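Asker: What follows is a predicted structure for the sequence shown.
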Amino acid sequence: MLNYFYSIPKRAFNTAAALSCAGLMAYAYYSQYIDGLEPCPLCIFQRLALLLVGVMFTLAALHNPEKMGSRIYAGLIGLSALLGAAIAGRHVWLQNLPEDLVPECGPGLDYMLDVLPLTETLSIVLNASGECADINWQFLGLSMPAWVLIWFVGLGVLGVWRNLRT
């Protein structure tokens, strides 16, 4: 199995990973605009992190670097996936809190970005609000943030591993 994985050219792997990120984003927008699932602030931050991971994979595929460049892209992919996993992990943690510990719902993200400084907005969003604890979608018993967490970990580990491998 590993021999097959290593036989895939690095550029093809990075392209496939970037397309996976694009597919995940497409499903997120499908869920929002077709299924009517409004994203909470943490969901929006997860989308931004996924976009960052996809951009890193796209740049790695376009550049197709040698040893040092591959290490740099591996680090960038790993860091961006780690950021996304941290946000998704926080969301999953919040969804699994007992009901009496769930924070109150706060103002919308658009309002906070208009009125508050960016650092305060980030602090409020990462502390989360009650709407982020709602589970509106499940597949195989896992919520959407749990699946996003799995994708971040998988893409991050495989992206780092494949780009470090020469």
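Answerer: Received the coordinates, thanks.
Asker: and stretch 47-61, which residues are buried?
Answerer: Of the residues in stretch 47-61, those scored as buried under the neighbour-count criterion (16 or more other C-beta atoms under 10 Å) are 47, 49-54, 56-58, 60-61. (Each C-beta comes from the backbone N, C-alpha and C, glycine too.)
Asker: Which strand or helix spans L62?
Answerer: helix 41-63 (DSSP states H and E).
Asker: Check D35 too.
Answerer: Using DSSP H and E, no element contains D35; it sits outside every helix and strand.
Asker: ditto for the one 4 residues further on
Answerer: For P39, there is no enclosing helix or strand under DSSP H and E.
Asker: Neighbours of the residue nearest to it when sequence neighbours are not counted, how many?
Answerer: Once its chain neighbours are removed from consideration, P39 has its nearest residue in Q32; the separation is 6.0 Å (C-beta to C-beta, 6 or more residues apart in numbering). By the criterion of other C-beta atoms under 10 Å, Q32 has 14 neighbours.
Asker: Just to check, Q32 is in contact with R47?
Answerer: No - the pair Q32 / R47 is not scored as a contact, 9.6 Å apart, by C-beta atoms under 8 Å.
Asker: In this structure, where is pLDDT below threshold?
Answerer: 1-6, 100-116, 118, 120-134, 166 (pLDDT under 70).
Asker: what's the longest helix in it?
Answerer: helix 67-95 (DSSP state H).
Asker: Report the buried residues of that helix.
Answerer: The neighbour-count criterion (16+ other C-beta under 10 Å) identifies 70, 73-74, 76-78, 80-85, 87-92, 94-95 as the buried residues of helix 67-95.
Asker: ditto for stretch 31-38
Answerer: Taking 16+ other C-beta under 10 Å as the basis for neighbour counts, the residues of stretch 31-38 that come out buried are S31.
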